[in-house]
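Chemist: Quick one: sequence and predicted model below, then my questions.
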Amino acid sequence: MTIAAVSPRTGLSELAVSNVSRVFAGSAKSQETIALQDASFTARPGEFLSIIGPSGCGKSTLFNIIAGLDTPTSGSVAINGSPIVGQQGHVGYLLQKDLLLPWRSVLNNVVIGMEIAGVPKTKAREIAMPLLEAYGLGDFVNHRPDQLSGGMRQRAALLRTILFNRDVILLDEPFGKLDAQTRATMQEWLLDLWDDFQKTVVFVTHDIDEAIYLSDRVIVMSPRPGRIIADLPVDIERPRKPGIVTSTEFITMKASILALLHPSNNQEVSP
């Protein structure tokens, strides 16, 4: 599905994270916690980059820092070379929970970002309607969130994030609570959306197959304190079909990531 004509593509942006560390102060009964340690990576313009690591490795902390919801103890974050540490509104950010407002319709949920940006409600709806039609929500514009399936709710949340109109999008396990069949459908739907709008996407997941299937590169993080221990290109041609998961290239890369996440003999993997 190619719906690029629905909305013009925006200028592409590069996200650079440089030597970011985050230390949380301890209490009288506990020591300080090092959540992130010297994390550095660059998401190139229009790239789909996935981050994978064990629970508690600091992925969400990293996202909060990029989004300006938290500040690093040290290090920097920049978009196209301009520092954004401590500044909100530079990226679109979608959590695992869709956070749709239960009293608003799908249409009125999707346009929230534009309303906050000062776009008149009538104009915002005019912009949103073609996208809702193009991406399978046209018959649900007047439904409330509790009338939708989990997959449909995430579609609405993703379109709301796209319409916030930022070139860099952070997606924190958006499909983590979906069943396997719905998750596979949503992965295809997300790739269509990414292909049409060419956003720079940074995607957090615990699913190795999902990370490889969706991404141009996969970053692997260590257990806390979270460090980047590998930055792996996905040399699998696009467009990708679901059957690619049984290919030699896919299986070899999956084995490499598994070895990084679960190193044998408790040997430390060097960054």
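Modeler: Sure, I can see it. Numbering: from 1, shown residues only.
Chemist: The spatially most central residue of the chain: what secondary structure?
Modeler: In the chain, the residue lying closest to the centroid (Cα atoms, centre = their mean) is residue 171, at 2.0 Å. The three-state assignment at residue 171 reads strand, by DSSP: H, G, I helix; E, B strand; the rest coil.
Chemist: Tell me the backbone dihedrals of the nearest residue to it once chain neighbours are set aside, please.
Modeler: Counting by Cβ to Cβ, 6 or more residues apart in numbering, residue 171 lies nearest to residue 203, which is 4.6 Å off, once chain neighbours are set aside. Backbone N, C-alpha and C define where each C-beta goes, glycine included. Backbone torsions for residue 203, taken as degrees, to the nearest 10, come to phi -120, psi 120.
Chemist: And the one 4 residues further on, by the same measure?
Modeler: The phi and psi values for residue 207, taken as degrees, to the nearest 10, are phi -100, psi 110.
Chemist: Any chance you could list what contacts the helix or strand of the chain with the lowest mean pLDDT?
Modeler: Least confident helix or strand, the chain: helix 112-116 with a mean of 87, by mean pLDDT, DSSP states H and E. With contacts defined as Cβ atoms under 8 Å, 6 or more residues apart in numbering, helix 112-116 is touched by 92, 101, 104, 121, 123-124, 127-128, 160-161, 163-165.
Chemist: Which pLDDT value belongs to residue 266?
Modeler: On pLDDT, residue 266 comes in at 47.
Chemist: what number of residues lie near the nearest residue to residue 140 once chain neighbours are set aside?
Modeler: Nearest in space to residue 140, with sequence neighbours left out and distances taken as Cβ to Cβ, 6+ apart, is residue 106 at 5.2 Å. When neighbours are counted by other Cβ atoms under 10 Å, residue 106 registers 27.
Chemist: Surely residue 106 and residue 141 touch.
Modeler: Yes. Residue 106 lies in contact with residue 141 (Cβ atoms under 8 Å); the separation is 5.3 Å.
Chemist: where do the contact lists of the two overlap?
Modeler: Common neighbours of residue 106 and residue 141 (Cβ under 8 Å, 6+ apart) are residue 132.
Chemist: related to what we said a few turns ago, what is the nearest of the contacts of helix 112-116 to residue 240?
Modeler: residue 161 (22.6 Å; Cβ to Cβ).
Chemist: contacting residues for that closest one?
Modeler: Taking Cβ under 8 Å, 6+ apart as the test, what residue 161 contacts is 92, 93, 94, 113, 169, 171.
Chemist: residue contacts, the closest residue to residue 150 other than its chain neighbours?
Modeler: Spatial nearest neighbour of residue 150, chain neighbours left out: residue 178 (5.4 Å); criterion: Cβ to Cβ, 6+ apart. By Cβ under 8 Å, 6+ apart, the contact list for residue 178 reads 150, 151, 154, 186.
Chemist: Tell me the bridge partners for the residue nearest to residue 171.
Modeler: residue 50, residue 171 (DSSP bridges).
Chemist: residues touching it, list them.
Modeler: Per Cβ under 8 Å, 6+ apart, neighbours of residue 203: 48, 49, 50, 51, 171, 174, 211, 214, 215.
Chemist: let's see 7 Å
Modeler: Residue 203 makes contact with 48, 49, 50, 171, 214, 215, according to Cβ atoms under 7 Å, 6 or more residues apart in numbering.
Chemist: next one: residue 240
Modeler: By Cβ under 7 Å, 6+ apart, the contact list for residue 240 reads residue 213.
Chemist: hmm, try it at 10 Å
Modeler: Neighbouring residues of residue 240 by Cβ atoms under 10 Å, 6 or more residues apart in numbering: 187, 188, 191, 212, 213, 214, 234, 247, 250.
Chemist: Tabulate the residues you listed (TSV), appending secondary structure, neighbour count and distance to residue 44.
Modeler: Putting the contacts of residue 240 into TSV (DSSP: H, G, I helix; E, B strand; the rest coil; neighbours: other Cβ atoms under 10 Å; distance: Cβ to Cβ, whole Å) gives the following:
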residue	secondary structure	neighbour count	distance to residue 44
187	helix	19	21
188	helix	16	23
191	helix	17	17
212	helix	25	18
213	helix	21	19
214	helix	24	15
234	coil	21	13
247	coil	13	25
250	helix	19	22
